[in-house]
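>>> prediction below, plus the sequence it came from.
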Amino acid sequence: MRTIRWENGVVVTVDQSLLPRRLAFISLRNPRQVVKALKGMKIRGAPLIGAAAALALAQTAYKLKGKPKEKVLSELYRTARLVKAARPTAVNLFNAVDYVLRKAEEYHSDRDFAQYVVDVCLGFVEADAEINRMLGIHGAKLISPKDRILTHCNAGALATVEYGTALGVIREAREQGKSISVLATETRPLLQGARLTAFELKRMGVPFKLITDSMVGYVMYKGLVDKVIVGADRILSSGHVINKIGTYTIAVLAGRHGIPFYVAAPTTTFDLETPLDRVIIEERDAKEVLEVQGIRIAPRGVEALNPAFDITPPELVSAIITEKGVVKAKPDRIRSLLAR
């Protein structure tokens with residue numbers, strides 16, 4: 001499923017807040033609407049966030065066709081600041097914006113500069129689909145017939161332009177004829193597993209069962225899991241993986257039970273610059289914990305914590321699956337892979 005597309009200056013994307021009750025597309029006509037959709041989790045998933053960021057910049061350039069380069073650049077940087085403030089943790093957003101701005105700064109030609117920027121942005125988005133297709137092919141090599149795979153949150157087509165990361169590996173393995181099955185965690189507090197991953201797996205025809213987050217230790221203890229595959233929102237040069245809250249817990253349990261723990265993410269998810277102690281973990285509205293789908297489940301006056309992500313240390317990661325191949329979560333291996 002194509003999750004996001006460009007239609008003559010309008011960004012059309014799935015409103016993920018409505019799933020699984022309704023599959024609906026929304027039309028975002030300017031960068032501010034894109035940012036609002038990002039903050040409201042109508043657009044989510046690290047690669048998709050990066051694509052949306054690129055398209056917000058494309059909207060700015062699209063409306064300035066024929067204008068001088070200096071004017072276009074000035075407005076691009078204004079939009080870049082707006083977009084970068086939308087979500088602090090998923091590095092794909094920052095990498096996408098920086099990539100477009102770098103390409104724009106390097107451009108020297110008589111051709112319409114604004115149209116060039118639009119083409120760069122659209123090229124970035126199109127590349128995401130092919131990147132994740134290749135990631136799935138590499139990852140499927142790690143999957144054996146009859147594997148029972150546990151996944152967390154949603155790292156499927158809905159989290160990317162198309163195809164998916166962790167679910168892309170599962171999709172490719174399935175298409176290769178491997179008879180696999182999946183255990184999907186519900187992923188509190190926003191239930192991306194129950195709402196989105198279950199929706200995708202059902203459409204894919206992959207046998208699966210939904211479990212609560214607190215069942216992970218039990219199903220591993222009972223021998224019901226052969227491998228874990230999750231996505232990522234940021235991977236540091238040290239090999240630390242920042243992903244949806246609950247990932248660290250699953251990695252610890254996988255290590256305790258001797259289960260391979262794989263992370264599937266495109267190279268646009270790597271951050272070679274930020275040290276571990278400078279990573280910002282997004283704290284979201286406590287209502288997301290205190291309510292489910294708008295219905296309060298805790299007594300009035302109760303306070304809640306709501307960190308959206310956690311950090312898994314590299315020693316708990318069996319390998320990282322990328323479009324360039326599979327790599328160990330070690331600094332020298334990561335830098336070597338990215339230099340290809």
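Yep, it's here. Not measured: the values here are computed from a predicted model.

>>> residues contacting Asp233?
Ala46, Thr89, Ala90, Val91, Asn92, Ile242, Asn243, Lys244, Thr269, Phe309 (CB atoms under 8 Å, 6 or more residues apart in numbering). (Glycine included, C-beta is placed from N, CA and C.)

>>> pipe those residues into CSV and attach distance to Val216, pLDDT and neighbour count per row.
Formatted as CSV, those follow (distance: CB to CB, whole Å; pLDDT from 0 to 100; neighbours: other CB atoms under 10 Å):
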residue, distance to Val216, pLDDT, neighbour count
Ala46, 22, 96, 30
Thr89, 22, 95, 21
Ala90, 23, 94, 28
Val91, 26, 96, 26
Asn92, 26, 96, 29
Ile242, 19, 98, 28
Asn243, 14, 98, 30
Lys244, 13, 98, 27
Thr269, 23, 97, 26
Phe309, 17, 98, 25
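
>>> and the residues you listed as TSV, adding secondary structure and distance to Arg78?
Below are the contacts of Asp233 laid out as TSV (DSSP: H, G, I helix; E, B strand; the rest coil; distance: CB to CB, whole Å):
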residue	secondary structure	distance to Arg78
Ala46	helix	24
Thr89	coil	23
Ala90	coil	21
Val91	helix	21
Asn92	helix	21
Ile242	strand	28
Asn243	strand	31
Lys244	strand	31
Thr269	helix	26
Phe309	strand	28
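
>>> point out where the stretch 151-300 of the chain drops to low pLDDT.
Counting by pLDDT under 70, not a single residue of the stretch 151-300 of the chain qualifies.

>>> now the strands: where do they sit in it?
181-185, 208-211, 227-230, 234-236, 241-244, 261-264, 270-271, 291-292, 295-296 (DSSP state E, counting those that start in this stretch).

>>> who wins for proximity to Ala157 among those strands?
strand 261-264 (13.2 Å; CB to CB).

>>> got the contact list for the most centrally placed residue in the chain?
Centroid-nearest residue in the chain: Ala46, 2.6 Å away (criterion: CA atoms, centre = their mean). The neighbours of Ala46, taking CB under 8 Å, 6+ apart as the test, are Ala90, Val91, Asn92, Leu93, Ala159, Gly231, Ala232, Asp233, Arg234, Ala265, Thr269.

>>> quick check: phi and psi on the closest residue to the third one other than its chain neighbours?
Nearest-residue entry for Asn92: Gly50, 3.2 Å, with adjacent residues in sequence omitted and distances by CB to CB, 6 or more residues apart in numbering. Torsion angles at Gly50 (phi, psi; degrees, to the nearest 10) stand at phi -60, psi -40.

>>> which of the residues in the longest helix belonging to the chain are buried?
Criterion DSSP state H: the longest helix present in the chain is helix 113-140. Neighbour-count burial for helix 113-140 flags 113-114, 116-118, 120-122, 124-125, 127-129, 131-140 (criterion: 16 or more other CB atoms under 10 Å).

>>> buried sites along stretch 253-266?
Leu253, Ala254, His257, Ile259, Pro260, Phe261, Tyr262, Val263, Ala264, Ala265, Pro266.

>>> many thanks, I have nothing further to ask.
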